[in-house]
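**Q** coordinates only, sequence not included:
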């Protein structure tokens, strides 16, 4: 079932990016596939059915190859909350979807089951996973 969902994401993505250069299309497909694998791990760890998506409209073409790496920071921060039964329960009750996007300034929010993470895709930014974990500890 999860593989079918990942394939559906890839098919939908392929149709949506036809106007972009082949290299960018291929990068987006790889990034979506990488994210799908990490979401399976998150859901196994947290015993959830969380979905995760990229807002590709916000990602500059020269940064498409970084999207899953930075979105994985959000997934990792959530996984860190799921180290015990209380954390798993809090995540199950309050997070159903993760939306990742690019922004010049990093930010995050949790509202109506959606955890939104905006990253500047800066490799020099430190402790992003810990910052996300701390944010969630205060919000869940």
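**A** On my side now, so go ahead. Model, not experiment: these values are computed from the prediction.

**Q** how near is the residue with the largest distance to the centre of the chain to residue 25?
**A** Distance from the C-alpha centroid of the chain, by C-alpha atoms, centre = their mean, peaks at residue 19 (24.2 Å). Note on residue 19: its distance to residue 25, by C-beta to C-beta, to the nearest Å, is 9 Å. Glycine gets a C-beta too; all of them are placed from N, C-alpha and C.

**Q** Show me the residue at the heart of this protein, geometrically.
**A** residue 71 (3.8 Å).

**Q** Past the helix or strand containing that residue, which element shows up next along the chain?
**A** Following DSSP states H and E, one finds residue 71 within helix 67-81. Past helix 67-81, heading to the C-terminal end, the next element that is a helix or strand (DSSP H and E) is helix 85-94.

**Q** So which elements touch that following helix?
**A** Here helix 85-94 touches helix 22-46, helix 67-81, going by 3 or more C-beta pairs under 8 Å, 6 or more residues apart in numbering; DSSP states H and E.

**Q** rewinding a little: the residue farthest from the centre of the chain should be in a helix, yeah?
**A** No - checked against DSSP: H, G, I helix; E, B strand; the rest coil, residue 19 lies outside a helix; its state is coil.

**Q** Any figure for the gap between it and residue 31?
**A** With C-beta to C-beta as the criterion, residue 19 and residue 31 are 18 Å apart.

**Q** picking that back up, right, and the helices and strands packed on helix 85-94 - which one's nearest residue 90?
**A** Comparison of those against residue 90 by C-beta to C-beta identifies helix 67-81 as nearest, at 6.7 Å.
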